[in-house]
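Participant: below are the sequence and a predicted model for it; my questions follow.
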Amino acid sequence: MFISLETMSVLNEIRLIYKAAVDAVRPGFLVNQAIKYSDNVVHIQGELELAVDRNCHVIGFGKAVLGMALQIDKIIGQHVVKGVISIPHGVAAQYCLPDQFLNRYTIYEGAVNNIPDEGSLKATTEVENMVANLKNNDLLFVLVSGGGSALLASPAEGLSLDEKQKTIQLLSKSGANIQELNSVRKKLSRIKGGKLAQLSYPATTIALILSDVIGDPLDVIASGPTVKNKDPANIGLDIIQKYQLGNQLPARVVEYLSSPTTSNLDDATFSYVHNFLIGSNLSALQAAEAYANQTGFATAILSDRINGEAKEIGLQFARLARLFAQMMTSSNDQHEQMEELSVAAENLHIDPRYCCTLERLVRRCRNARKNLCLIGGGETTVSVRGGGLGGRNQEMVLSYLVETAVEACLDELDVVFLSAGTDGIDGPTSAAGAFACPGQFAQAQAQGLNPLTYLDNNDSYHFFHLLQQGKYHLITGPSGTNVMDIHILCFYWK
Ligand SMILES: Nc1ncnc2c1ncn2[C@@H]1O[C@H](COP(=O)(O)OP(=O)(O)OP(=O)(O)O)[C@@H](O)[C@H]1O
Ligand SMILES: O=C(O)[C@H](O)CO
């Protein structure tokens with residue numbers, strides 16, 4: 001069984017919507033939008049203006065900060081005295097780094113598997129030394145993006161790197177969420193939770209932050225090194241108790257976490273600090289929407305806060321697809337359809353007030369026979385129980401496929417679903433995500449692939465790799481940015 005040319009062009013169209021989303025959150029593009037320079041004055045997001053005179057210093061930690069630093073260097077390189085960048089292993093090789101950039105910047109690679117290591121420790125020591133010597137008339141740019149916590153490692157007094165590593169691994173395995181994980185990281189660090197701002201005082205400190213956390217909480221992203229810590233004093237103890245880790249964590253870690261202290265940084269320290277959110281999942285979704293609109297779709301952004309178990313969210317997207325397909329092709333049972341829509345909205349973290357707007361949009365698409373593109377984003381989780389290979393996006397699409405399998409293809413509409421990571425890497429695989437299309441289940445059956453078996457074994461990567469020789473895989477390579485995941489659900493009139 002072959003894929004029709006028509007299906008291929010639909011997949012390409014959706015691929016371009018995804019690309020528009022990722023292009024809008026590329027680090028260089030975002031820095032260029034945020035920072036303007038003219039006549040020795042730097043303008044930041046139209047809110048702040050600062051005179052510069054060879055007094056700029058740059059530090060950065062996270063998956064996207066090399067791209068950010070390169071752009072800063074293009075804009076105000078002549079004013080940059082020195083830079084220190086901490087990025088994941090293998091990232092530097094993806095860039096062509098100009099000599100003048102290499103002369104100013106020291107680049108460290110570390111944090112294999114997102115765990116702090118010697119590389120992150122070395123980078124952080126250099127950051128601390130540099131920042132501690134800054135004076136009143138210096139300007140410090142702090143580039144922050146997802147993965148920054150593991151790349152900025154400075155264990156609190158008396159703690160070893162090994163103890164921190166064990167703590168993070170144990171908490172991750174126990175199912176702690178990013179807020180909890182980073183609350184612990186802040187307690188065990190000399191630099192997180194606003195403490196970098198204390199070190200850089202009295203230099204003016206400008207943080208440019210690319211969010212990879214739902215809701216964009218600046219104090220959580222990369223453990224908020226330049227943001228006042230809002231955690232309650234007893235949070236460490238609460239987390240130990242919640243996950244019953246008292247006997248498993250190193251004794252010194254338990255001691256630190258149990259002490260009921262938060263950072264005692266005063267507001268004067270933070271009056272020198274300016275935190276700017278320069279990009280987020282929503283920025284990517286808006287760009288996807290604008291592109292889809294231009295290409296003739298009616299569009300809606302469902303939510304930028306989609307979270308939960310990937311398998312469950314895939315199922316919810318399948319139900320939403322079924323409901324919208326019904327609403328687009330028949331005007332029956334409007335009351336019942338609205339009720340179903342509010343349930344689907346709740347399950348997908350869509351604002352309930354938005355349901356009436358969605359209903360009107362669908363009605364317009366039905367009357368005008370207009371194609372519809374729904375866009376969502378956020379980050380799901382996978383409780384990995386099987387021995388397979390996959391990622392949260394591929395698992396979500398496989399679950400969608402299983403849920404829609406029993407349906408015959410719709411006479412009037414084709415529905416196509418894509419879920420993919422904006423970083424181009426879904427879990428520990430080489431794919432960014434995958435597509436689900438009508439007729440795919442039959443194709444899998446013809447090849448002897450049982451989607452449910454692959455789903456149960458968390459083996460979504462191999463399912464999509466084998467199905468039609470990988471035609472439904474989205475493979476882009478690492479994008480150099482990361483604002484979580486994007487989901488695109490398109491309805492095409494035949
Ligand atoms: N076999 C699998 N099937 C599905 N998901 C998996 C599998 N193995 C790992 N994962 C998921 O992959 C994720 C880890 O991969 P990855 O490093 O891309 O995520 P991350 O650390 O959250 O980083 P980022 O947020 O930058 O994508 C976890 O959410 C994990 O549950
Ligand atoms: O580095 C981190 O803490 C996570 O990626 C969240 O920002």
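Facilitator: Yep, that arrived. All of these numbers come straight from a predicted model, not from anything done at the bench. Ligands and ions are numbered 1, 2, ... in the order given.
Participant: which stretches of this structure have low pLDDT?
Facilitator: 1-5, 262-264, 333, 406-410 (pLDDT under 70).
Participant: got the residues of it near ligand 2?
Facilitator: Residues of the chain lying close to ligand 2 by C-beta under 6 Å from any ligand atom are 146-149, 178, 182, 212-213, 221-223. Heads up, the C-betas are built off the backbone N, CA and C, glycines and all.
Participant: just the closest of the residues you listed to residue 172, please.
Facilitator: residue 178 (9.9 Å; C-beta to C-beta).
Participant: would you check that the closest one makes contact with residue 219?
Facilitator: No. Taking contacts as C-beta atoms under 8 Å, residue 178 lies outside contact range of residue 219: 11.7 Å.
Participant: the two - which one has more neighbours?
Facilitator: residue 219 (22 against 19; other C-beta atoms under 10 Å).
Participant: before we move on, the earlier item: most neighbours, which of the residues of the chain next to ligand 2?
Facilitator: Highest count within those by other C-beta under 10 Å belongs to residue 222, 32 neighbours.
Participant: is it true that it lies in a helix?
Facilitator: Yes. Using DSSP: H, G, I helix; E, B strand; the rest coil, the assignment for residue 222 is a helix.
Participant: how about the residues of the stretch 101-250 of the chain that lie near ligand 1?
Facilitator: 114, 146-147, 212.
Participant: quick check: the gap between the nearest residue to residue 440 once chain neighbours are set aside and residue 106.
Facilitator: Excluding its sequence neighbours, the residue lying closest to residue 440 (C-beta to C-beta, 6 or more residues apart in numbering) is residue 401, at 6.0 Å. Distance, residue 401 to residue 106, using C-beta to C-beta, to the nearest Å: 47 Å.
Participant: so which of the two has more stuff around it?
Facilitator: Shown here are residue 401 and residue 106; by other C-beta under 10 Å, residue 401 has more neighbours (28 against 15).
Participant: hang on, that one packs against residue 439?
Facilitator: No. Residue 401 lies out of contact with residue 439 (C-beta under 8 Å); the separation is 10.8 Å.
Participant: please, which helix or strand holds residue 49?
Facilitator: Using DSSP states H and E, residue 49 sits within strand 48-51.
Participant: paired strands for that strand, with orientation please.
Facilitator: As defined by DSSP bridges, the strand partners of strand 48-51 come to strand 41-44 (antiparallel).
Participant: and residue 57, that's in a helix?
Facilitator: No. Counting by three-state DSSP, one finds residue 57 to be strand, located in no helix.
Participant: that one reaches residue 79, doesn't it?
Facilitator: No. The criterion here is C-beta under 8 Å, and residue 57 misses it with residue 79 at 9.9 Å.
Participant: neighbour count winner among the two?
Facilitator: residue 57 (24 against 19).
Participant: dump the residue contacts of the residue nearest to residue 440.
Facilitator: Applying C-beta atoms under 8 Å, 6 or more residues apart in numbering to residue 401 gives the contacts 314, 436, 440-441, 444, 451.
Participant: farthest pair within the residues you listed?
Facilitator: For the contacts of residue 401, the farthest-apart pair by C-beta to C-beta is 314 and 444; their separation is 15.4 Å.
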